[in-house]
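K.L.:
Sequence and predicted structure are below.
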Amino acid sequence: DENGTASALWSEYQTGWVEQQQDQLYLVVELTQAIRHRRFEFVVQPKVDLSSMAIHSGEVLLRWHHPEKGSIGPDVFIPLAERVGLIFKLTQVVLNLTFEWVALHRAALKSCSLAINISARDLLQPAFAQDTLALCQKYQLEPARFILEITETTALSDKAMAIENADLLRAAGFSLSIDDFGAGYSSMQNIHRLAPQEIKIDRQFVRELTINSTHETLCRSLITLSQDLHTCATAEGIETAEQLALLKQWGCHSGQGYYLYRPLAPDDFLTLLRTQQNGH
Ligand code: C2E
Ligand code: MG
Ligand code: MG
Ligand code: MG
């Protein structure tokens, strides 16, 4: 009967919900352990100057090597880490891994900046700028080598604190970038408040560049906007020759995407840079 079906569905739903919650909880425990033991690796995706097609930067993208589940992508664990407050520790892991690697290969990476993803929530930690600068000094690296790509997944609660950290980081020589611009919670106000050196045009606008005229207009406007503000526009998620040609035509400074380069193992990234420097 109908009631029986409904209650069966309801109990199935509840069981599903409980299982899901248990899975999430288990993942949080494993993530905590992974952070403690630094069980993370990273890949590096080249960022290309669209007028010369030379690699000017590399973006560090985190990978979690789970003992049973294999490689888990950041789209799964970063939002989780943000929800449960593990993001601060995770950012420290990324900063340490990156600085350590750059320090080891400082000569090879001399003419290439490294972009590191941070969460806007990191900027709410009072000592974030000071700690990041101190860590940079510990490895004897100049902050000017680094771009901090900031993603806002929720609206910032303490704007004054975020701005204070951003100002300190910029004054120390770090470049700031607004990631996924136009998606989620990134706003025009942030361009004013964070005074970024780079704006990254969200992948979704680039994806439909050639089939969606609104997205075409949005892309062109964001490029013009960044030109007027003397910041660099980077288009992410370039997957076709057609998208690349249009972005170049519109004067987009910089680009990233599978059509140009896939994210690479750190050693492969170094090899690629070496090839480029030798003029091949
Ligand atoms: P994001 O910073 O916008 O990074 C770009 C993402 O798009 C990367 O996915 C990259 O592999 C992917 N991608 C690059 N080119 C293409 C393309 O042509 N087509 C498509 N479909 N995708 C492309 P990934 O590595 O899975 O990272 C996802 C997001 O996770 C990042 O988005 C970033 O917000 C976050 N993330 C990654 N590493 C870190 C980290 O170390 N710390 C923090 N806080 N967030 C991170
Ligand atoms: Mg990024
Ligand atoms: Mg992005
Ligand atoms: Mg993203």
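P.N.:
Yep, that arrived. Ligands and ions are numbered 1, 2, ... in the order given.

K.L.:
in the helix or strand harbouring Ile163, what's buried?
P.N.:
Taking DSSP states H and E as the criterion, Ile163 maps to helix 159-172. By neighbour count with 16 or more other C-beta atoms under 10 Å, helix 159-172 contains the buried residues Ala162, Ile163, Asn165, Ala166, Leu169, Arg170, Ala172. (C-beta placed from N, C-alpha, C; glycine too.)

K.L.:
host element of the residue in the stretch 151-280 of the chain positioned nearest to ligand 2?
P.N.:
The minimum distance from the stretch 151-280 of the chain to ligand 2, using C-beta to the ion, falls at Asp179 (4.3 Å). Asp179 belongs to strand 175-181 when assigned by DSSP H and E.

K.L.:
Counting by contacts, list what the helix or strand just after that strand packs against.
P.N.:
With elements assigned by DSSP H and E, the helix or strand that comes after strand 175-181 is helix 188-194. Contacts defined by 3 or more C-beta pairs under 8 Å, 6 or more residues apart in numbering; DSSP states H and E place helix 188-194 against helix 159-172, strand 175-181.

K.L.:
what's the angle between the longest one and strand 175-181?
P.N.:
An angle of 130 degrees separates the directions of helix 159-172 and strand 175-181 when computed by axes from the mean of the first three to the mean of the last three C-alpha atoms, to 10 degrees.

K.L.:
From the rest of the structure, what touches helix 159-172?
P.N.:
Around helix 159-172, the neighbours that count as contacts under C-beta atoms under 8 Å, 6 or more residues apart in numbering are 120, 122-126, 128-130, 132-133, 136, 143, 148, 156, 176, 193-195.

K.L.:
Can I get that helix in PDB? Just the C-alpha atoms.
P.N.:
This file holds the C-alpha atoms of helix 159-172, laid out as PDB (Å, rounded to 0.1, in the frame of the first residue of the first chain):
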ATOM      1  CA  LYS A 159      36.400  41.900   5.700                       C
ATOM      2  CA  ALA A 160      38.700  44.200   7.700                       C
ATOM      3  CA  MET A 161      40.900  41.300   8.700                       C
ATOM      4  CA  ALA A 162      41.100  39.900   5.200                       C
ATOM      5  CA  ILE A 163      42.100  43.300   3.800                       C
ATOM      6  CA  GLU A 164      44.700  43.700   6.500                       C
ATOM      7  CA  ASN A 165      46.300  40.400   5.600                       C
ATOM      8  CA  ALA A 166      46.100  41.100   1.900                       C
ATOM      9  CA  ASP A 167      47.800  44.500   2.300                       C
ATOM     10  CA  LEU A 168      50.600  42.900   4.400                       C
ATOM     11  CA  LEU A 169      51.100  40.200   1.800                       C
ATOM     12  CA  ARG A 170      51.200  42.600  -1.100                       C
ATOM     13  CA  ALA A 171      53.500  45.000   0.800                       C
ATOM     14  CA  ALA A 172      55.900  42.000   1.400                       C
END
